[in-house]
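J.: missing the sequence, but the structure's below:
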């Protein structure tokens with residue numbers, strides 16, 4: 001930092017410098033986005049001013065009606081965006097413009113590669129909209145004053161976007177912010193009343209604050225008439241649905257989300273009765289970058305009588321619906337409502353319950369009537385929606401109908417099926433919904449636990465996401481009167497699907513291999529809780545399953561951690577040549593090594609970790625040496 005007579009020069013944070021360079025030289029796919037971003041920021045500043053004045057009487061009343069003014073000056077080659085919102089202090093200017101503290105900006109910079117490097121839509125997606133001014137400007141000047149500060153505490157920020165910015169104290173009569181863009185060569189087409197009006201109406205028509213357009217300097221002949229708003233200047237959600245088009249809804253969605261993509265679906269409902277409120281909620285078409293971040297921003301804004309109050313932190317919609325974007329406007333809550341007051345509010349509880357049911361109904365309609373669109377939704381947000389099985393017991397049945405799973409029914413392992421689909425396809429005599437938990441879809445697909453089920457043509461759900469543990473263990477125990485059953489837990493019970501011949505064959509195999517089972521169990525003492533003859537294997541020599549007394553949750557958790565369930569059971573296939581050979585030579589001096597090799601192979605097939613890889617390799621090498629003629633030959 002270097003001091004000058006009345007200004008100070010600062011160096012941008014490294015990420016800001018990189019970002020500004022991209023803005024100036026790379027992001028040209030949709031240059032006009034800069035105006036939407038600056039107007040959106042101005043609207044937010046006015047909303048914050050309204051809210052802060054409710055909780056801070058010392059700020060006094062703001063007699064000036066809220067307004068955003070856009071001006072252009074052909075002679076000076078400038079575009080100005082001004083608002084009478086909350087404004088910024090000197091420290092806030094440094095924090096909000098000179099430094100990028102949000103982790104999303106680093107993600108944004110990483111995303112600007114290859115074909116996406118020229119995609120200006122990413123500007124809005126990652127919330128770095130102010131910097132889009134440098135797409136069209138080679139110098140930007142911002143003058144601001146924080147509400148509640150003295151007129152002498154105004155701040156002027158200026159930069160050419162090349163690594164430094166200056167700050168100086170200025171007099172500013174009113175709170176708010178004015179941004180002046182000095183356009184670079186080649187951007188003269190923006191200095192036109194018709195062009196600016198069309199951009200504002202295209203992207204910002206539904207801003208609830210009036211946007212006034214005018215000309216400065218020698219451009220008076222081209223000036224827009226009067227101070228009448230260019231935009232509708234009314235909250236879209238308060239207007240009758242029959243007056244709105246899909247374009248209106250989509251434009252408003254872009255305004256509140258900074259997302260250039262159209263939403264997958266939306267709902268607009270005005271509810272009257274004991275409580276009066278309006279819902280305008282959207283299902284996005286793609287997941288935001290911060291969907292899985294613990295402190296990710298929520299996408300629903302609470303308004304009271306059209307005044308923005310706060311962004312939801314989980315009180316208006318549950319966490320498993322955190323992908324929903326939109327507005328909830330209540331007529332019953334006080335304007336000075338706080339987050340603490342929302343807790344335990346009957347009105348909020350009613351709004352939350354209604355909003356959740358309406359969103360789930362919207363998704364159900366999409367799943368029933370637009371399956372391709374729902375498949376895209378599931379690809380983006382399915383893992384999040386699954387959390388609702390644990391988080392929302394009151395709506396568990398409705399959520400269960402929306403779940404989709406990969407199953408063995410699909411030859412490509414890519415088709416997602418509903419539980420309704422599964423039940424409708426169940427074989428005659430089948431009384432359970434079978435599933436398999438595995439660390440990855442590849443591990444599930446190759447699992448030996450599926451062999452007998454494939455042979456009988458029984459469909460199995462393949463669950464490879466961490467959240468699937470919650471879905472199938474103790475929370476969603478049955479669907480449509482059919483119990484969910486793991487194929488890797490306990491002894492397989494095929495019910496009416498097992499014929500008498502198979503039952504007799506299994507009984508005979510248990511008797512024929514009883515001695516081998518005893519020896520293997522003795523050799524694996526401390527590793528395997530039990531060893532038994534399997535009825536689930538057809539081609540593999542062995543597999544690991546959870547004991548009947550061991551929960552599938554434990555198995556799944558251990559699979560994603562360091563190893564096996566507390567009571568692993570080794571099952572052997574009596575029809576496999578290796579197992580048949582071991583049964584014919586129970587006095588084999590290397591039987592213990594074979595036992596450990598079978599067990600470890602089964603562990604690997606399960607997708608779990610081998611505790612002692614070197615022991616496995618040494619035993620396997622010793623057996624291979626014996627089979628190839630011995631070390632002394």
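T.: On my side now, so go ahead. Quick caveat: nothing in here was measured; it's all calculated off a predicted structure.
J.: which residue ranges make up each domain of the protein?
T.: Each domain of the chain is listed here as a residue range: 2-222, 236-377, 406-496, 500-627, per automatic domain parsing.
J.: out of those domains, which is closest to residue 389?
T.: Nearest to residue 389, of all the domains of the chain, is domain 406-496, at 5.0 Å by C-beta to C-beta. C-beta: built from backbone N, CA, C; applies to glycine.
J.: now do that closest one: distance to the chain's middle.
T.: Here the centre of mass of C-alpha atoms in domain 406-496, compared against the chain's by C-alpha atoms, centre = their mean, to the nearest Å, lies 26 Å away.
J.: equivalent analysis for stretch 376-393, please.
T.: So, by C-alpha atoms, centre = their mean, the centroid of stretch 376-393 is 10 Å from its chain's centroid.
J.: buried stuff in it?
T.: Residues of stretch 376-393 classed as buried by neighbour count (16 or more other C-beta atoms under 10 Å): 377-378, 380-392.
J.: mind jotting down where the helices sit in the stretch 201-350 of the chain?
T.: Listed in chain order, the helices found in the stretch 201-350 of the chain under DSSP state H, counting those that start in this stretch are 246-257, 339-342, 346-369.
J.: show me which positions of the shortest one end up buried.
T.: In this case it means helix 339-342. Of the residues in helix 339-342, those buried (16+ other C-beta under 10 Å) are residue 342.
J.: who touches it?
T.: 310, 313, 315-316, 334, 348 (C-beta atoms under 8 Å, 6 or more residues apart in numbering).
J.: these: which two are farthest apart?
T.: Farthest-apart pair in these is 313 and 334; separation 18.4 Å (C-beta to C-beta).
J.: closest to residue 148 out of the helices of the stretch 201-350 of the chain?
T.: helix 339-342 (21.8 Å).
J.: in TSV: the domains of the chain, plus mean pLDDT and distance to residue 228.
T.: Compiled in TSV, those are given as follows (pLDDT from 0 to 100; distance: least, C-beta to C-beta, whole Å):
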stretch	mean pLDDT	distance to residue 228
domain 2-222	79	7
domain 236-377	88	19
domain 406-496	85	52
domain 500-627	83	61
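J.: run through the residues that contact the residue lying closest to residue 136 once chain neighbours are set aside.
T.: Setting aside the residues directly before and after it, residue 136 is nearest to residue 187 in space (C-beta to C-beta, 6 or more residues apart in numbering), at 4.8 Å. With C-beta under 8 Å, 6+ apart as the criterion, the residues that contact residue 187 are 31, 136-137.
J.: of those, just the buried ones, PyMOL syntax please.
T.: To isolate the buried ones among the contacts of residue 187 in PyMOL, judged by 16+ other C-beta under 10 Å, type:
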select buried, resi 31+136+137
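J.: so which of the contacts of residue 187 is the closest to residue 607?
T.: Among the contacts of residue 187, residue 31 lies closest to residue 607 (C-beta to C-beta), at 49.9 Å.
J.: isn't residue 477 right up against residue 484?
T.: Yes: using C-beta atoms under 8 Å, residue 477 is in contact with residue 484, at 6.1 Å.
J.: so which of the two has more stuff around it?
T.: residue 484 (18 against 10; other C-beta atoms under 10 Å).
J.: and that one, helix, strand or coil?
T.: What DSSP: H, G, I helix; E, B strand; the rest coil gives for residue 484 is strand.
J.: then residue 410?
T.: Taking three-state DSSP, the label given to residue 410 is coil.
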